[in-house]
Structure formats: C-alpha cells, structure tokens
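1. Turn this into a model:
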Amino acid sequence: MVFRYCGKSVGVRLDGYQTFLYNRECSYRMTMQQWEEQLKTDGFNQVTEHKDPPGYEYPDHSHPVDTAHVVLKGSMRVWFDGREHIVKDGGRLDVGKHTIHKAKIGPDGCTFLIGVRM
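-> Reported below is the predicted structural model:
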C-alpha cells in the first residue's frame, strides 16, 4: 500500500507498520487541522495533540491499538522492530498494535498528534 502527501508517494506499508517522511519537494506543509482530517480519513477515530520537552523519553511500551504519530514541530526518535526511525516536522510514523517501541524527543522538544485506530 502506498501513501501520498502533497500528491507524491511518500511511504509504503512494511511489516504491519507504515512510515511517512516529509517530502521536501512539497511547496507547503499540512496544517494541524488537515492532519487531523487525514488521520480520521485513515481510520484513526481519536486524535490528540501532545507537547513534550527536549530529551523526554518514553520507555519500551506497546498499545492494544494502531497509533499514528505526526510531528508538527520538533523531532522524535522511535525504535521498534530493531530499527530507529527519526520523525521531523511534517513527518508521520504509524506503529501497529502490540508493537513494543520506545521514543526519545529531540533537542528542540516536540509537538505532535497521536491518532488511535480502535
């Protein structure tokens, strides 16, 4: 499955999760409202905004639902399935349910949306 942002392919579904990266060729970034609408279109019926300080860490954990993380400002590093994923402004990373993962917020903090698909 291929996903689009600004009309261009930016991610593919791999091993039960999807990775979305900011497309630097795009002339605009989606607003928070546009991201909320996109997440709801993608089946994430609960969307909340979070703000974390620089260096904040989330230890290993999992969720009983699929989650989508959209970085609006700043960055975060997320580890799962033996891989590190860096998500920056305008980026999206989806994590499948029951996937053990951990995260660390970047040096400038991070404002992000979390979508939950029940």
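2. buried sites along the strand with the most length in the chain?
-> Counting by DSSP state E, the longest strand found in the chain is strand 101-117. Of the residues in strand 101-117, those buried by neighbour count under the rule 16 or more other C-beta atoms under 10 Å are 101, 103-106, 109-117. Any C-beta I mention is one placed from the backbone N, CA and C, and that applies to glycine too.
3. what do you get for stretch 88-97?
-> Buried, per 16+ other C-beta under 10 Å, within stretch 88-97: Asp89, Gly90, Gly91, Arg92, Leu93, Asp94, Val95, Gly96.
4. wait, what's in contact with the first one?
-> If you count contacts by C-beta atoms under 8 Å, 6 or more residues apart in numbering, Asp89 has them with Tyr22, Arg29, Val71, Leu72, Lys73, Gly74, Ser75.
5. about what we covered before: tell me the one among the buried residues of stretch 88-97 nearest to Pro64.
-> Gly96 (11.0 Å; C-beta to C-beta).
6. Could you double-check that that closest one sits in contact with Ala68?
-> No - here Gly96 lies out of contact with Ala68, judged by C-beta atoms under 8 Å, at a distance of 10.6 Å.
7. Please determine how far the residue positioned nearest the centre of the chain is located from Ala103.
-> Geometric centre of the chain, nearest residue: His69, 2.5 Å, by C-alpha atoms, centre = their mean. Per C-beta to C-beta, to the nearest Å, His69 is found 8 Å from Ala103.
8. Quick check: neighbours shared by the two?
-> By C-beta under 8 Å, 6+ apart, the residues touching both His69 and Ala103 are Met76, Val78.
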